[in-house]
Each structure stands twice: as C-alpha cells, then as structure tokens.
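Novice: I'll drop the sequence and a predicted model, then ask my questions.
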Amino acid sequence: MNIQKGDFIEVDFTGKIKDGEIFDSTLKEELDKLHHDHEIKAKPFVFCLGQGMFLESLDNFLIGKEIGKEYEIELEPEHAFGKRISSLIQKIPIKIFAEQKINPVPGIVFNFDGRAGKILTVSGGRVIVDFNHSLAGKTIIYKIQVLRKITDLNEKIKALNEFFFRKDFKFEIRQEAKPLASSSESQTKDKTLVLEVEKPLVKLVELFKDKFKEILELNMEIKEIKEAE
C-alpha cells in the first residue's frame, strides 16, 4: 500500500548529521544516547503527510512510499534546516541580560521574543548571539520506517492535539443532521469536534480551528473547563 498526501502515518525515524552525530530519534536505544541522565519515553511519530508537520523535503520524499518499508534520505542544508546566514549572528548589549537578571554564558541557548539564540561570546559590554538553527549549514541523513497508515479518526485527533498543543485533550465527536433544500432528499450529517480545553489555552486552540477543518473536515467547538489542580 502506497501512502499519499493527506494520509496520517506512523513512523519511526532517526536523524543524524552526516558525520554521524544523532540529533533526534523515536527509538529508545538512540534516545538513551542523547539523554544519558534522563528517561525519555520513546514512541513513534504520527503525522499528516503534506501538512508541514515534518520537514517539507521529508513530506515530499515519503509520498508514494510503501507501508512497512525502511528508507534513507540525505538532505543538503537548503533542503533540511537551511544554510547558515551571517546576518543572524548579532550583537546584543550586555545590559539587556542584566535587566533580566540573566548571566550570559557561551554555549547557553536563550529565548529572545520567540527566537532561540545561542550565546557565542561575551566580551566587554557585548554579547554575540547566533540565531541560526542549531543544524543550519549541516547535511542531514534520516532513516525512516513507515510503520502503518492510520484511519481511525480518534487517533488522528489525538495526534493533532499532541503535535499542536502537546496536550491530550478530552474530546467527543458530535454528529448533527443538516436538512437539505428538498425535503425528499436524505439529510446529511455534519461532524463537530468538541474539545475540552483549560481556560488559559482557549485562545491558543481557537487559532487552529481552520487547520483542524482543513485536515480532518471537522468543525471545532471548544468547551472551556477549569484548570486541573
């Protein structure tokens, strides 16, 4: 069975820099090498093909591939995490860090208004920060095994909740009869996804209503609930 754009699939993968350093994986033996001091739960990655949930180049590569097979692909920087851009290496006055009571140390990564920046050097009153992706300029190799195609709607919803919100929201799917113009014709049924969402996250989830509609053809209704203690 070949997979197509719009299919939900479950994969195991390992990504490494061409010189052999692994940077991401869904496999326990590889994750243990990356996180020696922490127990990281390994599990396959579920996503919708062609919806920007994986690298675009990997999305395109997987279209037409077969369930159960393992593939390997090498990506040049422009098809992976981009080339290094010199203008993204910037000088920031050290007083900015002092105002936030932060000690800038070379090698540390901070969040600057939504952008991740790595401290390169600290000299005098200046801090040099690199806003390039940590894998920019690297040739990347991915090994990917396509485990299965997912057809269950509940699994698809859980996968999107995990990907977009990192949450396992409770939900239900409500079907509503929609009368047609002619009474002699059969009624159609619209499906609505009802998500139970904590109040602080409601506005965030609302931003993804159109995305859920596009991917799953479901209307979304948000049921606001109290935060868990």
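Specialist: Sure thing, it's come through.
Novice: just checking, what packs against the host helix or strand of residue 59?
Specialist: Residue 59 belongs to helix 56-62 when assigned by DSSP states H and E. Helices and strands touching helix 56-62, by 3 or more CB pairs under 8 Å, 6 or more residues apart in numbering; DSSP states H and E, are strand 70-75, strand 140-150. Every C-beta, even on glycine, is put in place using the N, C-alpha and C of the backbone.
Novice: Which parts of that helix count as buried, going by neighbours?
Specialist: Under the neighbour-count criterion of 16 or more other CB atoms under 10 Å, helix 56-62 has 57, 58, 59, 61, 62 buried.
Novice: cool, and stretch 130-150?
Specialist: Using 16+ other CB under 10 Å as the test for burial, stretch 130-150 gives 130, 132-133, 135-136, 138, 140-147, 150.
Novice: quick one: which of the residues you listed is nearest to residue 102?
Specialist: residue 130 (16.7 Å; CB to CB).
Novice: what about the helices in the chain?
Specialist: Using DSSP state H, the helices of the chain run over 28-34, 56-62, 94-99, 153-165, 202-206, 209-216.
Novice: List the buried residues in stretch 48-55.
Specialist: Buried, per 16+ other CB under 10 Å, within stretch 48-55: 48, 49, 50, 51, 53, 54, 55.
Novice: So residue 88 sits against residue 133, correct?
Specialist: No - counting by CB atoms under 8 Å, residue 88 sits too far from residue 133 to count as a contact (9.1 Å).
Novice: List the contacts of the helix holding residue 59.
Specialist: Contact with helix 56-62 is made by 3, 5, 9, 11, 49-52, 54, 71, 73, 75, 79-80, 142, 144, 146, as judged by CB atoms under 8 Å, 6 or more residues apart in numbering.
Novice: please redo it, this time with the cut-off set to 10 Å
Specialist: Defining contact as CB atoms under 10 Å, 6 or more residues apart in numbering, one finds that helix 56-62 is touched by 3-5, 7, 9, 11, 13, 15, 47-55, 71, 73, 75-76, 78-80, 140, 142, 144, 146.
Novice: what about it, average pLDDT?
Specialist: For helix 56-62, mean pLDDT is 95.
Novice: got the CA coordinates for it in CSV?
Specialist: Only the C-alpha atoms of helix 56-62 are listed here, as CSV (Å, rounded to 0.1, in the frame of the first residue of the first chain):
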residue,chain,number,x,y,z
GLU,A,56,8.8,19.6,3.7
SER,A,57,11.6,17.6,2.0
LEU,A,58,10.7,14.5,4.0
ASP,A,59,7.0,15.0,3.3
ASN,A,60,7.7,15.1,-0.4
PHE,A,61,10.1,12.1,-0.2
LEU,A,62,7.5,9.9,1.6
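Novice: quick one: that helix to chain centroid distance?
Specialist: Relative to its chain's centre, helix 56-62 lies at 15 Å (CA atoms, centre = their mean, to the nearest Å).
Novice: In the protein, where is pLDDT below threshold?
Specialist: Applying pLDDT under 70 to the chain picks out residues 35-39, 177-189, 228-229.
Novice: Where do the domain boundaries of it fall?
Specialist: 8-81+137-150, 86-130, 153-225 (automatic domain parsing).
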